[in-house]
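Peer 1: Quick check, what structure comes out for this input:
(one chain, ligands or ions: 1)
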Amino acid sequence: MKDLKGKVAVVTGAASGIGLSLARACAAEGMRVVMADVEGEALERAAREIAETGSETLAVTVDVSSEAEVRRLAERTTERFGAAHLLFCNAGVGAGSLLWASTAKDWEWTLGVNLWGTVHAVNAFVPAMLARGEEGRVVITSSDAGLVGGPFNGVYRVSKHALTAYAETLHHELTVVGAKVGVSLLCPGFTKTRICDAGRNRPERLKNEPGEAANIPTQGFDDFIRAQVDRGVSAEEVASETLKAVREGRFYVITDPGTYEGVRRRMEDILDGRTPAFEIPRE
Ligand SMILES: NC(=O)c1ccc[n+]([C@@H]2O[C@H](COP(=O)([O-])OP(=O)(O)OC[C@H]3O[C@@H](n4cnc5c(N)ncnc54)[C@H](O)[C@@H]3O)[C@@H](O)[C@H]2O)c1
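Peer 2: Okay, the predicted model is just below:
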């Protein structure tokens, strides 16, 4: 997709972080932007800010883990703008502890938003995008954690590996049917956003009761991740690299050069029959 002006972008998780920066970047390209997020007030604020720059926006409060709500998002998009051209499946959260101490609720919430949110969005938008026969693109936000292995963050890591497989398969299938809709897989490294405070949007019914989650200390790891996120690249840089990839028709969008080393090591482990190793990062 080279010419973005006047086209319609749909961004999930648009109230904060990478999603908000993607929405701003799309608006700056002259796109009309549908902004979807579960955090209603933050979303209204974000949409107002972008509308004030003269862009046409539509803000829809949506829990992407709900198929019905995502279908409604697609209907609202069609009612307002007639079509969608660029679909960013970006909303994401992370929860859980060591794998054997992560609860069914940790899994349900994380997979519900990260994986099912993407499944629902593709099902709700892509058939209509294909039927119109126009050029389009689906951008799925995975993570460097969706390309490499390691300890901790297991629930999140599994959800992101699933998204990598999902995006690669979607790309192959759209190619096989000769579609004008392409796919990009966004795998950011640490990015300065509110991802470490994802629990702010966790629904009551999926919160662990006191004592429900085994109390295994991973605090050192959580603090390490928070420090890395605070020191990460800006969400604006990630959004800018993503739109560049959309223009170039590039599939993999890697924002941290260190990711390549992790991918290489993982592939060599597989090819050489080596057991995966992991070095605990030291501050
Ligand atoms: N920040 C990083 O270091 C990093 C690294 C790799 C990948 N990512 C991925 O980037 C994506 C964006 O996250 P971010 O870092 O900008 O974090 P963020 O918390 O700043 O933004 C995430 C947005 O998703 C929204 N959201 C959460 N649950 C939702 C739901 N059920 N329905 C709709 N919206 C929901 C939140 O309200 C928030 O606005 C996520 O998929 C995340 O996994 C982030």
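Peer 1: okay, CA-based contacts and neighbour counts for the rest of this
Peer 2: Will do.
Peer 1: Find the nearest non-adjacent residue to Leu206, please.
Peer 2: Of all residues not flanking Leu206 in the chain, Lys105 sits nearest, at 5.1 Å (CA to CA, 6 or more residues apart in numbering).
Peer 1: Check what pLDDT the one you found gets.
Peer 2: Listed pLDDT for Lys105 reads 96.
Peer 1: Let me know the secondary structure of it.
Peer 2: helix (DSSP: H, G, I helix; E, B strand; the rest coil).
Peer 1: do you know how far it is from the ligand?
Peer 2: 14 Å (CA to the nearest ligand atom, to the nearest Å).
Peer 1: thought that residue was touching Lys207?
Peer 2: Yes - contact status for Lys105 versus Lys207: in contact at 6.8 Å, counting by CA atoms under 8 Å.
Peer 1: So which of these two has more stuff around it?
Peer 2: Lys105 (18 against 14; other CA atoms under 10 Å).
Peer 1: what's the distance between the more buried one and Pro203?
Peer 2: Counting by CA to CA, to the nearest Å, the separation of Lys105 from Pro203 is 10 Å.
Peer 1: and if you look at Ala59?
Peer 2: 21 Å.
Peer 1: Neighbour count for those two, which is higher?
Peer 2: Ala59 (24 against 10).
Peer 1: Name the nearest residue to that one, sequence neighbours excluded.
Peer 2: Met35 (4.8 Å).
Peer 1: hey, where'd the helices end up in the stretch 1-150 of the chain?
Peer 2: Here the stretch 1-150 of the chain has its helices, by DSSP state H, counting those that start in this stretch, at 17-28, 40-51, 67-81, 104-111, 117-132.
Peer 1: Who are the packing partners of the first one?
Peer 2: This points to helix 17-28. strand 8-12, strand 32-37, helix 40-51, helix 235-248 (3 or more CA pairs under 8 Å, 6 or more residues apart in numbering; DSSP states H and E).
Peer 1: what's the answer for the longest one, then?
Peer 2: Judged by 3+ CA pairs under 8 Å, 6+ apart, helix 117-132 is in contact with helix 67-81, strand 86-89.
Peer 1: So which bits of the chain are right by the ligand?
Peer 2: 12-19, 37-39, 62-65, 90-93, 113, 141-143, 188-195, 198, 201, 229 (CA under 6 Å from any ligand atom).
Peer 1: Give me the buried subset of the residues you listed.
Peer 2: Listed as buried from these are 12-19, 37-39, 62-65, 90-93, 113, 141-143, 188-195, 229; burial here means 16 or more other CA atoms under 10 Å.
Peer 1: among the helices of the stretch 1-150 of the chain, which is nearest Gly178?
Peer 2: Gly178 lies closest, by CA to CA, to one member of those: helix 117-132, at 10.0 Å.
Peer 1: Pull the distance from that closest one to the chain's centre.
Peer 2: 16 Å (CA atoms, centre = their mean, to the nearest Å).
Peer 1: For it, buried residues please.
Peer 2: Within helix 117-132, judged by 16+ other CA under 10 Å, the buried ones are 117-122, 124-126, 128-130.
Peer 1: Quick one: residues in contact with it.
Peer 2: 64-67, 70-71, 74, 83-85, 87, 89-91, 136, 140, 179-181 (CA atoms under 8 Å, 6 or more residues apart in numbering).
Peer 1: Asn114 and Val93: what is the separation?
Peer 2: From Asn114 across to Val93, the span is 7 Å (CA to CA).
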